[in-house]
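Visitor: Predicted structure and sequence below. I'll ask about it afterward.
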Amino acid sequence: MRSIFIGLAILVILGGIIVFSRVNAQSTVGTAPDDNFTRYLSPNNDVTQPKSTDRGRVQISGTTVVADNGYPLRGEHIRLAEFNENPPLDPGVTWRQYAYDTNMWLSLINDYNLNTVRLLLYRPPQNWTGGSCDNPPGRCYNSVNDALAYIDDMVEIASQLGMYLIIDYHPVGGYDKADAIAWWTVLAPRYKNRTHVIYELSNEPVAWSAAAYNDAAIQFEEDLYQLIRAAAPDTHIILWSFAESSGDGNNMLTKVQLGTTIDYSNASVGYHPYQKNNFNQNEIDSLRDAGYAVIDTEIGDAAGYRTRTTSEENQAVSWIWLDAVYNDPTISVTWAKDPKTVSSLTNTPVQEVTISGGNACPTGLSCGFSAEVSPASAAIPITFTWQATGQSDAVHQSTDISDNFSAQWNADSTQIITVTADNGFGFATDSRTITVKPFNFASYLPLILKNF
C-alpha cells in the first residue's frame, strides 16, 4: 500500500447520489461513555475463546471468499500503526481514537454497507515506501506484545458488530522473515478460535509485480503458511497479496503454482490492482480458471475506485476499499447491506432483573437459580453479581440478558440470595428468600378395604 492518507467519511444524499464527506471526529470521539467501545471490552475478557456474537467462518464459493451467509466481503481498513500521530484531516484526533469511535464503525456498516475491516499492522524493520517506519519514533509498534491489547479490542469490537476482521501483517514492498515469524507465532494461535477473524499472511512483501517474486519470496509464503496453518487449523488465510499484475510470462498463476505445499481449500490469493487501467485482468481470470479463490484486499486509490468496485462486483469478487471514499466525494454505494451486521449499539439501561428457581433448597444439595434482565434490548455486556449467605460472591459478565448461579447450604436455615445486574447505563437488584431443609421422602401407602 503506497502513500496512504485517511479520513473518516459520512454520507450526504444529494439528488439521489450518495456523496461522501469526512466525519468531524472531534465531536464524536470520546465525548461520552455511551459513544465509546470501552464499555464492551472487559479487562478480564479471554479473547482466545469464541463469543456468541462472532460471525461464522468465511467460506469459499467457487472462487470467491464469502461471508457465512454467502454475501461478498466488502470492507475498509483501520490502521493500527502511527498510533501516536494525528490523521491528516483531523489533527486533533489520533488514529487510536478513530479505532474506538463507535460512530466510525457504524458508519462503515450503515452508510457504506460494509461487513469487513482490515487491520493493518505496521512494524519496523519492515521496508515500506513512505520512509522509515520508526521515524519519528512511536509511529509503529516495537513488539507484538505492545500491540496485543489493541488487536484484542479490535477483535472484540468487530465481533460485537457482526463484522469480519482481517488481521494483516503489513510490510510494503519488502519483508523481514524473522520478524514475520515472531509476530505470527503469537498471533496465529491467539485468535484461532475466533470464527470472524481472517489472517492475511503478509501485505505486498515484494516490490512490485508478480514477476519479482523470486524463490526466496515463494519459500517465505510457504513457510509462513505452514506456521499459521499449524497454529490455526480452521482460520482462513490470505496469501501473496500481490501489489500489481505483471502481464508477462511470470504471472500470478505461475508463482502461486510454485507454492506446492500450500492447501487452498481454506485459503485464497490476495491481490491489489494498483496499475488501474493497465491492470492485467487476465491474470486474475487465469487464477480463477485454475480453481483458486481470490480476494482484492486493496481496491486501489480514488483514480481507479469506480472502475474497480464495479469490476469486482460484476465478477463476484470480495474486496476491501482502501481510502478511496476519502479522496472521491461522489461515490455511489450500489451493493446491498449484509443483514448480519449490527445496525446500532443500544444504550438501553437495565431496568429490572428477576430471579427464578424456587424458594426451597434441600440441605446439602446444590440448587440452581437464574436471573433475567428486562428490557430485552438492554445494552450488553451485562455484569451479574450474585451474593448468597455463607457463599463467596460470584461475578459473571454475559453477552446475554440472562445468567445462572448455584449454591449449597449444609444446615437447615433460611438464606437470602441477591443478584445485581449492571450494564453501565443502569442497574437493578432482586432478592429471594430460600428455605433450606432436609428433602422430604414422603411415603404413601394404598388404602385397602376388606369385607368383614
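Guide: Good, I have the coordinates.
Visitor: need the strands for the stretch 101-250 of the chain, in chain order.
Guide: With DSSP state E, counting those that start in this stretch, the ranges of strands along the stretch 101-250 of the chain come out as 116-121, 164-169, 197-200, 237-242.
Visitor: Nearest approach to residue 287 belongs to which of the ones you listed?
Guide: Judged by C-beta to C-beta, the one of the strands of the stretch 101-250 of the chain that comes nearest to residue 287 is strand 237-242, at 9.7 Å. Any C-beta I mention is one placed from the backbone N, CA and C, and that applies to glycine too.
Visitor: and the next element down the chain from the closest one?
Guide: On the C-terminal side of strand 237-242, the nearest following helix or strand under DSSP states H and E is helix 252-258.
Visitor: Neighbouring strands - and their directions - for whichever helix or strand comes after that following helix?
Guide: Scanning forward in sequence from helix 252-258 by DSSP H and E, the next helix or strand is strand 267-271. Applying DSSP bridges, strand 267-271 is found paired with strand 237-242 (parallel), strand 294-296 (parallel).
Visitor: Now mean neighbour count, distance to residue 385 and mean pLDDT too, for these, in JSON lines please.
Guide: Listed next are the strands paired with strand 267-271 as JSON lines, based on neighbours: other C-beta atoms under 10 Å; distance: least, C-beta to C-beta, whole Å; pLDDT from 0 to 100:
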{"stretch": "strand 237-242", "mean neighbour count": "26", "distance to residue 385": "41", "mean pLDDT": "96"}
{"stretch": "strand 294-296", "mean neighbour count": "26", "distance to residue 385": "45", "mean pLDDT": "96"}
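Visitor: Same list, those strands, but as JSON lines with distance to residue 384 please.
Guide: Output for those, formatted as JSON lines (distance: least, C-beta to C-beta, whole Å):
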{"stretch": "strand 237-242", "distance to residue 384": "38"}
{"stretch": "strand 294-296", "distance to residue 384": "41"}
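Visitor: which one of those lies closest to residue 190?
Guide: Once the strands paired with strand 267-271 are compared by C-beta to C-beta, strand 237-242 is nearest, at 14.9 Å.
Visitor: What lies in contact with that closest one?
Guide: With C-beta atoms under 8 Å, 6 or more residues apart in numbering as the test, strand 237-242 has contacts from 65, 166, 198-205, 209-210, 213, 221, 225, 228-229, 252, 255-256, 259, 262, 266-272, 295, 297.
Visitor: From these, list just the buried residues.
Guide: Burial by neighbour count, judged by 16 or more other C-beta atoms under 10 Å, picks out 65, 166, 198-205, 209-210, 213, 221, 225, 228-229, 252, 255-256, 259, 262, 266-272, 295, 297 from those.
Visitor: Beta-bridge partners for the residue nearest to residue 358 when sequence neighbours are not counted, please?
Guide: Spatial nearest neighbour of residue 358, chain neighbours left out: residue 367 (7.2 Å); criterion: C-beta to C-beta, 6 or more residues apart in numbering. With DSSP bridges applied, residue 367 shows beta-bridge pairing to residue 407.
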